[in-house]
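[1] Pasting the sequence and the predicted coordinates here, then a few questions.
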Amino acid sequence: MAGIFVTTALVAEIIGGKIFSLEATLGFEPFDLTILGVEGLGFNLTAGVILWPVIFIMTDIINEYYGMKRVKFLSYMTVGLILFSFVMIYGAIYIAPNEWWTSVSGVDASDTSNSISNMNLAFRKIMGQGLWIIIGSTVAFLIGQVVDVIVFQKIRKVTGEKKIWLRATGSTLVSQFIDSYVVLLIAFWIGSDWELVRVLAIGTMNYIYKFVVAILLTPAIYLAHNLVDSYVGATIADEMKSSASES
């Protein structure tokens, strides 16, 4: 589970440089919404959000069976690995490219629409996310994870082992509300010249998407619990849950 968690978070950060249209992907006409006076809003999201449902489930499962301390440790380690990865990527961006690879390898004489005249520029543009975006995404991820595990355990103390959906979905909705705005505030309000109202409007669109996804994931959370219980056995699973609730 830890391996899936770390790998998914890392890949989500790396592919997050691509912005896609959710409506167009699903075959719908783009929405044209107005929020806080900002017009023309739609679900234009980073590709990384495709993988975040896996993070939601892994966070809740690890929290359920291993406790708050393990999730926090895993989150800190993941942030460190994400930052390390970006340092390595930036190193790869700035090493001198081979001349043939730069100007020839991407050119398709038979189909100019598929040609890339400068492979090094394309590599730099795709892989080289801005510093403020990296800072914003990692800070938002870390804050969101810490809030998630705290809210999860608070709800658990009230409900006990019942109502898995409430603590899993409830903690995700709270943490992702914070995450949706923190990343944009750091990356585009502090790090760029976006107006605050635009940041809040786009953050609201992002949260609407995450809200819907969190609700739809409820059956998957129960499925994951059943798989873990079946794998380790009911007795051991109950012992793990009891220990996790006390950690």
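    Nice, thanks for sending it over. Treat the numbers as computed from the prediction; the structure is a model and nothing was measured.
[2] only C-alpha atoms for contact and neighbour calcs from this point on.
    Fine.
[3] Please report how far residue 173 lies from residue 240.
    As defined by C-alpha to C-alpha, to the nearest Å, residue 173 lies at a distance of 25 Å from residue 240.
[4] These two: which is more packed in?
    Legend: neighbour count by other C-alpha atoms under 10 Å for residue 173 and residue 240, higher for residue 173 (22 against 16).
[5] pLDDT value on that one, please?
    On the pLDDT scale, residue 173 is placed at 92.
[6] Begin at 30, not 1, for the rest of this chat.
    In the new numbering, first residue 30, that becomes residue 202.
[7] Quick check: nearest residue in space to it, chain neighbours excluded?
    Leaving aside its chain neighbours, residue 202 sits nearest to residue 240 (6.1 Å; criterion: C-alpha to C-alpha, 6 or more residues apart in numbering).
[8] go on, residue 185?
    residue 196 (6.2 Å).
[9] Next, count neighbours for the one you found.
    Based on other C-alpha under 10 Å, the number of other residues close to residue 196 is 26.
[10] got a list of what it touches?
    Listed by C-alpha atoms under 8 Å, 6 or more residues apart in numbering, the contact set of residue 196 reads 180, 181, 182, 184, 185.
[11] Okay, and it sits in which element?
    In the assignment (DSSP states H and E), residue 196 maps to helix 193-213.
[12] Tell me where the protein has strands.
    Secondary structure of the chain by DSSP state E: the strands cover 48-50, 62-64, 67-70, 73-75.
[13] Of all those strands, which one comes closest to residue 173?
    With C-alpha to C-alpha as the criterion, residue 173 lies closest to strand 73-75 of the strands of the chain, at 17.3 Å.
[14] Tell me the gap between that closest one and the middle of its chain.
    12 Å (C-alpha atoms, centre = their mean, to the nearest Å).
[15] just stretch 48-57 next, same as before
    Worked out by C-alpha atoms, centre = their mean, stretch 48-57 lies 18 Å from the chain centre.
[16] Output the below-cut-off pLDDT ranges for this structure.
    For the chain, the stretches with pLDDT under 70 are 133-144, 275-276.
[17] Just want the most central residue of it.
    Residue closest to the average C-alpha location in the chain (C-alpha atoms, centre = their mean): residue 81, at 4.2 Å.
[18] what's the distance between it and residue 186?
    Residue 81 sits at a distance of 26 Å from residue 186 (criterion: C-alpha to C-alpha).
[19] Please apply the same query to residue 100.
    Note on residue 100: its distance to residue 186, by C-alpha to C-alpha, is 17 Å.
[20] just residue 216 next, same as before
    The value you get for residue 216 to residue 186, if C-alpha to C-alpha is used, is 36 Å.
[21] Those two - which one has more neighbours?
    Taking neighbours as other C-alpha under 10 Å, residue 216 and residue 186 compare with residue 216 leading, 21 against 12.
[22] show me the contacts for that one.
    Shown in contact with residue 216 (C-alpha under 8 Å, 6+ apart): 161, 162, 163, 164, 165, 166.
[23] change it to 10 Å
    The contact partners of residue 216, by C-alpha atoms under 10 Å, 6 or more residues apart in numbering, come to 159, 160, 161, 162, 163, 164, 165, 166, 222, 223, 228.
[24] try residue 194
    Counting by C-alpha under 10 Å, 6+ apart, residue 194 touches 200, 244, 246, 247, 248, 250, 251.
[25] Would you agree the second one is in contact with residue 198?
    Yes: the pair formed by residue 244 and residue 198 meets the contact definition of C-alpha atoms under 10 Å, at 6.7 Å.
[26] Would you mind telling me which of those two has more residues around it?
    Neighbour totals were compared for residue 244 and residue 198, and residue 198 leads with 24 against 15 (other C-alpha under 10 Å).
[27] measure the residue lying closest to residue 170 once chain neighbours are set aside to residue 214 for me?
    Nearest residue to residue 170, sequence neighbours excluded (C-alpha to C-alpha, 6+ apart): residue 208, at 6.5 Å. Distance of residue 208 to residue 214, computed by C-alpha to C-alpha: 10 Å.
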